[in-house]
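Participant: Sequence and predicted structure below; questions after.
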Amino acid sequence: MQYNTHFSLKKYNTFGIDVTADRFISVHTLKDLKTVVQENKDLFLLGGGSNMLLTQNLKKTVVHLNLKGVIVNNETENTIEVTAYAGENWHEFVLWCIDQNYGGLENLSLIPGNVGTCPIQNIGAYGFEVKDTIISLEALNVDTLEIETFTNKQCEFGYRNSIFKTWAKGKYIIVNVTFKLTTQNHQTNTSYGAIQEELKGNTTPSLKEISNAVVAIRNSKLPNPKEIGNSGSFFKNPVIDITLFKKLQQQYPEIPFYPVSESTVKVPAGWIIEKAGFKGQRFGNAGVHNKQALVLVNYGNATGKEIHEIAKKIQKKIKNEFDISLEIEVNVF
Ligand code: EPU
């Protein structure tokens with residue numbers, strides 16, 4: 001196996017940040033992955049590089065997970081189980097499922113990243129989270145080099161969260177994910193306002209039509225990382241106390257919200273950031289996207305530090321003006 005040294009990661013992170021890895025290797029088989037884990041103490045795992053902000057050169061061995069393959073098993077009358085390997089591109093996998101008429105993932109079309117990273121932050125969009133289709137996943141224990149199975153329940157999925165962001169972080173490498181999808185009587189969810197609008201009165205849309213609607217909405221709001229570097233939603237939508245929410249609602253009656261519990265409410269970070277005046281603002285080489293304030297963008301040559309500074313500026317102003325603490329969703333290294 002060949003390691004590259006002082007390797008530029010610019011093409012391997014969707015923010016397009018030009019930092020280097022001391023050592024870099026792309027692995028295609030489980031056997032090679034085990035060897036790399038055995039040979040290196042300080043590993044940095046890279047999937048699609050779509051949820052990270054790199055603020056410095058990585059003095060580590062970066063492992064690009066390129067395990068490929070999709071296996072179909074356990075078909076029942078209405079459902080099918082599909083196992084996809086970690087290195088499969090997420091959107092291509094979703095499109096493949098739709099082509100087979102396997103329902104369940106259509107609302108998650110065009111989300112950047114790979115199959116292996118979708119469970120880590122339980123990706124979600126348009127009224128749907130990936131946890132609702134995941135049955136189990138297999139992960140390599142980096143200490144024992146054994147493959148362990150985690151059921152959906154064991155993953156402890158939450159809003160943009162799972163055990164792979166908490167105690168299991170750094171201890172396991174997800175190698176494949178098994179989804180339960182429908183082969184007929186698809187339980188589609190088109191309740192999200194923007195999808196309704198896009199479907200223009202089509203009340204019985206096909207999986208492909210729903211996927212196309214999602215792709216159209218995302219393309220209209222979210223910058224294409226191939227053109228402008230970005231990492232999708234940079235912050236999480238904050239969950240705030242109802243007392244604070246009522247206060248804000250008096251000041252801004254139009255504030256969008258989603259009730260979470262009797263005492264808490266989730267409000268869209270993009271809305272707050274826009275109200276704070278940041279939408280479309282540019283600071284040097286980076287800025288806040290002009291169509292969706294939740295997305296920070298790299299206009300070309302920004303460093304990760306510059307983008308991180310913008311994030312801190314936003315957090316500070318929002319804490320001062322709204323008394324809300326915005327939490328960064330992407331992983332900052
Ligand atoms: N809004 C504004 N200004 C903005 C952005 C949003 O006022 O600049 C308002 C919108 O008008 C809307 C509300 O905020 O009333 C929510 O906006 P939107 O529907 O665009 O969704 P979001 O809450 O900003 C979340 C996910 C996205 C996902 C969308 C669609 C998080 C952190 N983000 O965004 O996920 O695609 O819902 O379901 O939960 C991602 O993780 O990379 C991502 C794009």
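Facilitator: It's in. Numbers count the residues shown, from 1 in each chain.

Participant: Now do the lengthiest strand in the chain: distance to the chain's middle.
Facilitator: Longest among the strand segments of the chain by residue count, using DSSP state E, is strand 172-182. Its chain's average C-alpha position is 15 Å from that of strand 172-182, according to C-alpha atoms, centre = their mean, to the nearest Å.

Participant: Would you mind measuring from the residue of the chain positioned farthest from its centre to residue 244?
Facilitator: Distance from the C-alpha centroid of the chain, by C-alpha atoms, centre = their mean, peaks at residue 250 (33.4 Å). For residue 250, the distance to residue 244 (C-beta to C-beta, to the nearest Å) stands at 11 Å. From N, CA and C alone the C-beta is placed, and that goes for glycine too.

Participant: now do residue 140
Facilitator: Counting by C-beta to C-beta - residue 140 and residue 244 are separated by 43 Å.

Participant: Between those two, which is the more surrounded one?
Facilitator: It is residue 140, of residue 140 and residue 244, that has more neighbours when counted by other C-beta atoms under 10 Å, with 20 against 16.

Participant: Run a quick check on the more buried one versus residue 32, I expect a contact.
Facilitator: No: applying C-beta atoms under 8 Å as the test, residue 140 and residue 32 come out as separate, 11.6 Å apart.

Participant: on that earlier part again, touching the ligand at all, the next helix or strand after the longest strand of the chain?
Facilitator: Using DSSP states H and E, the helix or strand that follows strand 172-182 towards the C-terminus is helix 193-199. No: if you take C-beta under 6 Å from any ligand atom as the test, helix 193-199 misses the ligand, and the best it gets is 6.6 Å.

Participant: same question for helix 193-199, mean pLDDT?
Facilitator: Averaged across helix 193-199, pLDDT comes to 92.

Participant: buried sites along that helix?
Facilitator: 195, 198, 199 (16 or more other C-beta atoms under 10 Å).

Participant: what's the closest non-adjacent residue to the second one?
Facilitator: Spelled out, it's residue 198. residue 213 (3.8 Å; C-beta to C-beta, 6 or more residues apart in numbering).

Participant: Which helix or strand contains that neighbour?
Facilitator: Counting by DSSP H and E, residue 213 is part of helix 207-221.

Participant: who does the residue of the stretch 51-200 of the chain found nearest the ligand bridge with?
Facilitator: Going by C-beta to the nearest ligand atom, the ligand is nearest to residue 125 of the stretch 51-200 of the chain, at 3.5 Å. With DSSP bridges as the criterion, residue 125 is bridged to residue 128.

Participant: try residue 70
Facilitator: Counting by DSSP bridges, residue 70 is bridged to residue 84.

Participant: Wait, it touches residue 88, no?
Facilitator: Yes: the criterion here is C-beta under 8 Å, and residue 70 meets it with residue 88 at 6.5 Å.

Participant: higher neighbour count, these two?
Facilitator: residue 88 (22 against 16).

Participant: Grab the nearest non-local neighbour of that one.
Facilitator: residue 115 (4.4 Å).

Participant: coming back round to it: and the longest strand of the chain, what other elements does it pack with?
Facilitator: helix 30-39, strand 79-85, strand 134-141 (3 or more C-beta pairs under 8 Å, 6 or more residues apart in numbering; DSSP states H and E).

Participant: and the longest one, C-alpha only, in CSV?
Facilitator: Right, helix 30-39. Output of helix 30-39 as CSV, limited to C-alpha atoms (Å, rounded to 0.1, in the frame of the first residue of the first chain):
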residue,chain,number,x,y,z
LEU,A,30,-11.6,-4.1,4.5
LYS,A,31,-8.3,-5.9,4.6
ASP,A,32,-6.4,-2.8,3.6
LEU,A,33,-8.4,-0.7,6.1
LYS,A,34,-7.4,-3.1,8.9
THR,A,35,-3.7,-2.9,7.9
VAL,A,36,-3.8,0.9,7.8
VAL,A,37,-5.5,1.0,11.3
GLN,A,38,-2.8,-1.3,12.6
GLU,A,39,0.1,0.6,11.0
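
Participant: Would you indicate which residues of it are buried?
Facilitator: So, applying 16+ other C-beta under 10 Å, buried residues of helix 30-39: 30, 32, 33, 34, 36, 37.

Participant: mind giving me JSON lines with these and columns for pLDDT and distance to the ligand?
Facilitator: Listed next are the buried residues of helix 30-39 as JSON lines, based on pLDDT from 0 to 100; distance: C-beta to the nearest ligand atom, whole Å:
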{"residue": "30", "pLDDT": "97", "distance to the ligand": "29"}
{"residue": "32", "pLDDT": "97", "distance to the ligand": "30"}
{"residue": "33", "pLDDT": "97", "distance to the ligand": "27"}
{"residue": "34", "pLDDT": "97", "distance to the ligand": "32"}
{"residue": "36", "pLDDT": "96", "distance to the ligand": "29"}
{"residue": "37", "pLDDT": "96", "distance to the ligand": "29"}
